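# next one to model:
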Amino acid sequence: MACYILLGIRLTPNTFDRVKIPINSLDIIVEQLRREASKITHLPRQFLELIYCGNILDDDATLRSCGIKEGVMVHVLRKKEKGDRRLHQTFQTANYPLHALESAVLLPTSDLRNYSKHHLSASNENE
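Here you go, the predicted model:
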């Protein structure tokens, strides 16, 4: 039975493309889906990470064994290069005012009040 899944392709932080991929069966292995993603992105498949429900998919697993059903979205991301510590350093060097500003943008006001009380009291205890 032919069906389809969606690939949500994000190769850079500011890009997102949605591509509908026809597949013959949910019993194909993830490696076959990775090959399709490689053709679409024009990147070698070893540079791509396939993710479903927050889990990195193993090439030898079938789509069905990963819980993938018809019509769901599998995310395609560029693998992080070894030695690329920029993201980790960003979190390590972030100071409280910047963190609070990001939280103000991302959290509803009531959550922000609770968040600020908790983090302010925790930072005062650490000093």
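# quick one: end-to-end distance for stretch 69-77.
20 Å (C-alpha to C-alpha, to the nearest Å).
# and stretch 2-15, by the same measure?
29 Å.
# list the buried residues in it.
5, 7, 9, 11 (16 or more other C-beta atoms under 10 Å). Just so you know, the C-beta spots here come from the backbone N, C-alpha and C atoms, and that holds for glycine as well.
# in a strand, the third one, correct?
Yes. Assessed with DSSP: H, G, I helix; E, B strand; the rest coil, residue 9 lies in a strand.
# which parts of this protein are strands?
3-10, 17-23, 48-52, 55-56, 73-78 (DSSP state E).
# which residues are in contact with stretch 63-80?
Residues outside stretch 63-80 that contact it (C-beta atoms under 8 Å, 6 or more residues apart in numbering) are 3-12, 18, 23, 26-30, 33, 37, 41, 43, 46-53, 55, 57-58, 87.
# walk me through the domains of the protein.
Under the assignment automatic domain parsing, the domains of the chain span 3-78, 86-126.
# least reliable of the ones you listed going by mean pLDDT?
Mean pLDDT per stretch puts domain 86-126 lowest among those, at a mean of 47.
# what's residue 20 in contact with, if anything?
Residue 20 touches 4-6, counting by C-beta under 8 Å, 6+ apart.
# try it again with 7 Å
By C-beta atoms under 7 Å, 6 or more residues apart in numbering, the contact set of residue 20 is 4, 6.
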